[in-house]
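Enquirer: give me a model of this one.
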Amino acid sequence: MKTKTRKPSKQRKRLYNAPLHRRGKILSAHLSSELRESHNTRAVPVRTGDTVRILRGDYVGFEGKVLRVDKGRYKIFIEGINREKADGTSILIPIHPSKVEVVRLDLDDKWRARMLERKETVTEEETAGETEGAEIEEESSEERSKLEGER
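Expert: Sure thing, here's the model as predicted:
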């Protein structure tokens, strides 16, 4: 979330009062190294159906499928991570998405697949532009040195 303030109280206020379309983006998690290389992006918003690996807390190393995303509390619920209450009922344990890593993406949604393809092409163009820019700078420095030599 991009903010124009450094004050923690204002940042918290904007987090608590964020509209749903911004909350979805705040609920992002890092991609595994294999996915990061293949999709050329560092993080994506977590969705139902993604497979994640827990990196922090009591359930470190556990992998499971995301069953539910709670945008109101900024938590996700993972299949297989539950606890028994005193009356014997089982409830899912909420986990913050910053503590997980996406291992497998659910690309059934055509918009999400298109978004990842768009990010791939943008990063490829940037890397191509950076190499071309370096070549242009080398040529211009050579031309300057020739002009200085003629003077």
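
Enquirer: what residues are up against the residue nearest the centre of the chain?
Expert: For the chain, the residue nearest the mean C-alpha position is residue 43 (1.7 Å; C-alpha atoms, centre = their mean). By C-beta atoms under 8 Å, 6 or more residues apart in numbering, residue 43 lies in contact with 28-31. C-beta: built from backbone N, CA, C; applies to glycine.

Enquirer: from those residues, which ones fall inside strands?
Expert: 28-31 (DSSP state E).

Enquirer: from what I can see residue 84 touches residue 93, true?
Expert: No - contact between residue 84 and residue 93 fails when scored by C-beta atoms under 8 Å: they sit 11.1 Å apart.

Enquirer: which of the two has more residues huddled nearby?
Expert: Shown here are residue 84 and residue 93; by other C-beta atoms under 10 Å, residue 93 has more neighbours (14 against 9).

Enquirer: does the residue nearest to the centre of the chain have beta-bridge partners, and which?
Expert: residue 30 (DSSP bridges).

Enquirer: just the pLDDT for it.
Expert: Looking at residue 43, its pLDDT stands at 94.

Enquirer: ditto for the one 10 residues further on
Expert: According to the model's per-residue confidence, residue 53 sits at a pLDDT of 97.

Enquirer: that one reaches residue 65, doesn't it?
Expert: No - using C-beta under 8 Å, residue 53 is not in contact with residue 65, being 11.4 Å away.

Enquirer: who has more neighbours out of those two?
Expert: residue 53 (18 against 14).

Enquirer: which strand or helix spans that one?
Expert: Secondary structure from DSSP states H and E places residue 53 in strand 51-54.

Enquirer: residue 120 contacts residue 39, doesn't it?
Expert: Yes - judged on C-beta under 8 Å, residue 120 makes contact with residue 39 at a distance of 6.2 Å.

Enquirer: compare those two (neighbour count), which wins?
Expert: More crowded of residue 120 and residue 39, by other C-beta under 10 Å: residue 39, with 17 against 14.

Enquirer: pLDDT at the more buried one, what is it?
Expert: So residue 39 comes in at 91 (pLDDT).
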